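Undergrad: All I have is the shape, not the residue letters:
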């Protein structure tokens, strides 16, 4: 576990590790692409509210930059944009918003010392039972800007042919511009030792994890786990595993509690296109589980993911609403675009060409500094053809606060246990080589499971026509409507139309 005495040394180590990539940057191939987008939107409900809605024009000037570096030992990516939003006749609503997605992977010492780092700025919803802003231009009171920083140096290697090891330290920090969600800092150590031969029928592993979490809501909390495991190859494509260990934590109590943690696992890969994996383990909160299914056909991919585990603020903020769809499109393009970097670029260009309203939408997940028990299920499918792309996803998430927070007025002050169900379908049709039509519809319902009177329903259809005016110039026209119904925050509707011009350089 990270102690107060060791923290300054660790910070110096992390700072030194962040400087290591500077030398390798000169050997990498770099791509720099500035971009600017000008959007003019008319809305009949600028603030997405049931109380005296305001209508008017919104001007959004959004300069940004995409930087990507690839080398033998370095891979770096940064996407940054800033929205300058001005509301005609309602200057009191004027605001600026940031959006950042960046990552770094660096091999500092050949085949031994590595560094992962990331920094993200994302717009999130303040209250899960209020409306979800679907576009940066909405002057909703329910929007919060969040910042997540993560640095993770690690070493990995092998002891001859006997064992392979990996030891990792991760420092992360999450902050928001909402006073009810104070800054959260997490320090984690993890170590794994396993048999070196990946082809052995019988394998073994030893794991250790130690995490400390600190913020003004929960104070200082810690979790320490040790585990030993065995895995067995029944068939070349079928593996089973069994594990046992011990957990010591105060994540859900004022004092430390000890728990035995037996677990089982199964992995089946009948072909390179199909995977099914499931793990279950007894933890201090009950049964933790992780289920993954993936099946890829020539033009269709199916996915299902389920997890039940503890969620901490940095990990809650790291998830993106478009992550599953992006992965689906990347897998479907794998056969035609084999280079991973080129495939990533192809997916990004395809999403940019679609010109959806929700590219910068706020996420509806609960925003809290408490520790949560998070149970998430997501089923998604994507089909891609010569002129059409269809995506569909269903999400259910149940979250329960593990820690009390007297006096904190976040979403879990209204209900200690919450559930969200969300469905989204999108159809993208290439009308001509230069024109694409996007139709999408989303429906969500959020409920307070420990408060029967707490619920919110939301409907959001939209349509966007995107035109390629030049090699790096895009023009789009969009229509959207939002209907919201909540006993707590009232009922209202918003209708909006937008025209947007994007120029890349």
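TA: Looks like it arrived, so ask away. None of these values were measured; they are calculated from a predicted model.
Undergrad: List the residues that contact residue 498.
TA: By Cβ atoms under 8 Å, 6 or more residues apart in numbering, the contact list for residue 498 reads 39-42, 135, 137, 357, 476-480. Every C-beta, even on glycine, is put in place using the N, C-alpha and C of the backbone.
Undergrad: So the closest residue to it other than its chain neighbours: helix, strand or coil?
TA: Distances taken as Cβ to Cβ, 6 or more residues apart in numbering place residue 41 nearest to residue 498, at 4.1 Å, with adjacent residues excluded. Secondary structure, DSSP: H, G, I helix; E, B strand; the rest coil: residue 41 is strand.
Undergrad: any idea how far residue 41 is from residue 126?
TA: Taking Cβ to Cβ, to the nearest Å as the measure, residue 41 falls 22 Å from residue 126.
Undergrad: same question, residue 405
TA: 15 Å.
Undergrad: Then residue 400?
TA: Counting by Cβ to Cβ - residue 400 and residue 126 are separated by 20 Å.
Undergrad: Also residue 153?
TA: Distance from residue 153 to residue 126, by Cβ to Cβ: 34 Å.
Undergrad: okay, the two: which has more neighbours?
TA: Neighbour totals were compared for residue 153 and residue 126, and residue 153 leads with 23 against 20 (other Cβ atoms under 10 Å).
Undergrad: Spell out, range by range, the helices that occur in the stretch 151-300 of the chain.
TA: Read by DSSP state H, counting those that start in this stretch, the stretch 151-300 of the chain holds no helices at all.
Undergrad: and if you look at the stretch 1-150 of the chain?
TA: For the stretch 1-150 of the chain, the helices defined by DSSP H, counting those that start in this stretch occupy 7-19, 21-25.
Undergrad: and the residue nearest to residue 245 when sequence neighbours are not counted, what does it touch?
TA: Spatial nearest neighbour of residue 245, excluding adjacent residues (Cβ to Cβ, 6+ apart): residue 227 at 3.2 Å. For residue 227, the contact set (Cβ under 8 Å, 6+ apart) comprises 206-208, 243-246, 261, 263.
Undergrad: Could you work out the most separated pair of those residues?
TA: Farthest apart among these by Cβ to Cβ are 208 and 263. That separation is 15.1 Å.
Undergrad: Compare the two (neighbour count), which wins?
TA: residue 263 (19 against 15).
Undergrad: pLDDT on the helix or strand in which residue 423 is found, on average?
TA: If you go by DSSP states H and E, residue 423 is part of strand 417-432. The average pLDDT for strand 417-432 rounds to 94.
Undergrad: Repeat that for stretch 306-321.
TA: Averaging pLDDT along stretch 306-321 yields 78.
Undergrad: Who does residue 58 form a beta bridge with?
TA: residue 41, residue 87 (DSSP bridges).
Undergrad: Show me where the stretch 401-505 of the chain dips below the pLDDT cut-off.
TA: The model of the stretch 401-505 of the chain has no residue with pLDDT under 70.
Undergrad: go on, the stretch 251-400 of the chain?
TA: Ranges of the stretch 251-400 of the chain meeting pLDDT under 70: 317-325, 334-336, 338, 341, 348-366.
Undergrad: From residue 45, how far off is the residue nearest to residue 205 when sequence neighbours are not counted?
TA: Once flanking residues are discounted, residue 205 sits nearest to residue 194: 4.0 Å by Cβ to Cβ, 6+ apart. Applying Cβ to Cβ, the value for residue 194 to residue 45 is 56 Å.
Undergrad: Neighbour count for those two, which is higher?
TA: residue 45 (22 against 18).
Undergrad: so where's the stretch 101-250 of the chain shaky on pLDDT?
TA: Counting by pLDDT under 70, the stretch 101-250 of the chain shows low-confidence ranges at 198.
Undergrad: about what we covered before: mind listing the residues bridging to the residue nearest to residue 245?
TA: Under the criterion used (DSSP bridges), residue 227 bridges to residue 207, residue 245.
Undergrad: and what of residue 381?
TA: Where residue 381 sits in a bridge, its partners, by DSSP bridges, are residue 302, residue 392.
Undergrad: residues near it, how many?
TA: By other Cβ under 10 Å, the residues close to residue 381 number 17.
Undergrad: got a list of what residue 401 touches?
TA: Shown in contact with residue 401 (Cβ under 8 Å, 6+ apart): 368, 370-372, 412, 416-417.
Undergrad: Show me just the buried residues among these.
TA: 368, 370-372, 412, 416 (16 or more other Cβ atoms under 10 Å).
Undergrad: Inside strands: which ones of those residues?
TA: Secondary structure defined by DSSP state E assigns residue 372 of these to strands.
Undergrad: For the buried ones among the contacts of residue 401, which two are the farthest from each other?
TA: Spatial extent of these (Cβ to Cβ) is set by the pair 371 and 416 at 12.4 Å.
Undergrad: what helices or strands is the next helix or strand after the strand holding residue 423 leaning on?
TA: Following strand 417-432 in sequence order, the next helix or strand is strand 435-448 (DSSP H and E). Packing partners of strand 435-448 (3 or more Cβ pairs under 8 Å, 6 or more residues apart in numbering; DSSP states H and E): helix 340-354, strand 417-432, strand 455-470.
Undergrad: The second one: which residues count as buried?
TA: So the one you mean is strand 417-432. 418-420, 422, 424-426, 428, 430.
Undergrad: That one packs against which elements?
TA: strand 388-401, strand 435-448.
Undergrad: Make JSON lines out of those strands and add distance to residue 267.
TA: Shown next, in JSON lines, are these (distance: least, Cβ to Cβ, whole Å):
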{"stretch": "strand 388-401", "distance to residue 267": "24"}
{"stretch": "strand 435-448", "distance to residue 267": "33"}
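Undergrad: Please name whichever of the ones you listed is nearest to residue 31.
TA: Here strand 435-448 is closest among those (Cβ to Cβ), at 24.1 Å.
Undergrad: roughly how far is the closest one from the heart of the chain?
TA: Put simply, strand 435-448 sits 18 Å off its chain's centre (Cα atoms, centre = their mean, to the nearest Å).
Undergrad: Work out the sheet partners of it and label each with its direction, please.
TA: Strand pairing (DSSP bridges) places strand 435-448 next to strand 417-432 (antiparallel), strand 455-470 (antiparallel).
Undergrad: ok, the residue nearest to residue 498 to residue 138 distance?
TA: 9 Å.
Undergrad: I figured residue 439 was touching residue 463, is that so?
TA: Yes - counting by Cβ atoms under 8 Å, residue 463 is a contact partner of residue 439 at 5.3 Å.
Undergrad: need the contact list for residue 186.
TA: Residue 186 makes contact with 170-173, 211-214, 312, 314, according to Cβ under 8 Å, 6+ apart.
Undergrad: Which positions are bridged to it in the beta structure?
TA: With DSSP bridges as the rule, residue 186 is bridged to residue 172, residue 213.
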